[in-house]
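S.K.: From the sequence below, what's the structure:
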Amino acid sequence: PIADNYFWRVYINGSYTRDCCPEYLREENFQRLKDGLADRVSTHTDSVQGFLEKHDGQISRFVLLDHMDWLSDRFFPLLESEWQAIIDRAAPGARAIWRSGGLRTDFLDRVEINHGGKLRALPELLKLNPDLAAELHERDRVHTYGSFYIADFAA
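M.R.: Here you go, the predicted model:
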């Protein structure tokens, strides 16, 4: 219901209320941001691949949303090079989540990655968790995506 769903409240009414807003806007959390927590956040204007290629360390979590839908059809080489950068920067035990406007995606099977000196299909390097993804997708409050994916990276 719109009474407690801040996504739909802002879509329909154009504003939040004190009781129906993102966690970072709640008074107690906003104060924490003002008190210095926000200083730990950095913003980057770049592509996923561009950021990863400039980043030196390993990354344990990737939140990819739905942009791969747009790459998979017309810009497939960019999708492959992005996944290559993700695999190259992934820490042991890393996890990725993403959404799609479609009810399912088919691009994972087509992505090939250079890993360990040989070309491998991306699904060989990921362990999808469809049960958890389906459970969480049912609880999604945005309701604009057709599917949701969770993948753990193979060691």
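S.K.: Every contact and neighbour count from this point should use C-alpha atoms.
M.R.: Will do.
S.K.: Mind listing what's buried along the lowest-mean-pLDDT helix or strand in the chain?
M.R.: Lowest on mean pLDDT, DSSP states H and E among the helices and strands of the chain sits helix 27-34, with a mean of 89. By neighbour count on 16 or more other C-alpha atoms under 10 Å, the buried set for helix 27-34 is Leu33.
S.K.: Show me what it is packed up against.
M.R.: In terms of contacts (3 or more C-alpha pairs under 8 Å, 6 or more residues apart in numbering; DSSP states H and E), helix 27-34 is not packed against any helix or strand.
S.K.: where do the strands sit along this structure?
M.R.: 59-63, 90-100, 112-115, 118-121, 126-128, 147-153 (DSSP state E).
S.K.: which ones are touching Cys21?
M.R.: Asn5, Tyr6 (C-alpha atoms under 8 Å, 6 or more residues apart in numbering).
S.K.: Name the nearest residue to the residue nearest the centre of the chain, sequence neighbours excluded.
M.R.: Against the mean C-alpha coordinate of the chain, by C-alpha atoms, centre = their mean, the closest residue is Val63 at 2.0 Å. Distances taken as C-alpha to C-alpha, 6 or more residues apart in numbering put Ile97 closest to Val63, at 5.2 Å, once the chain neighbours are dropped.
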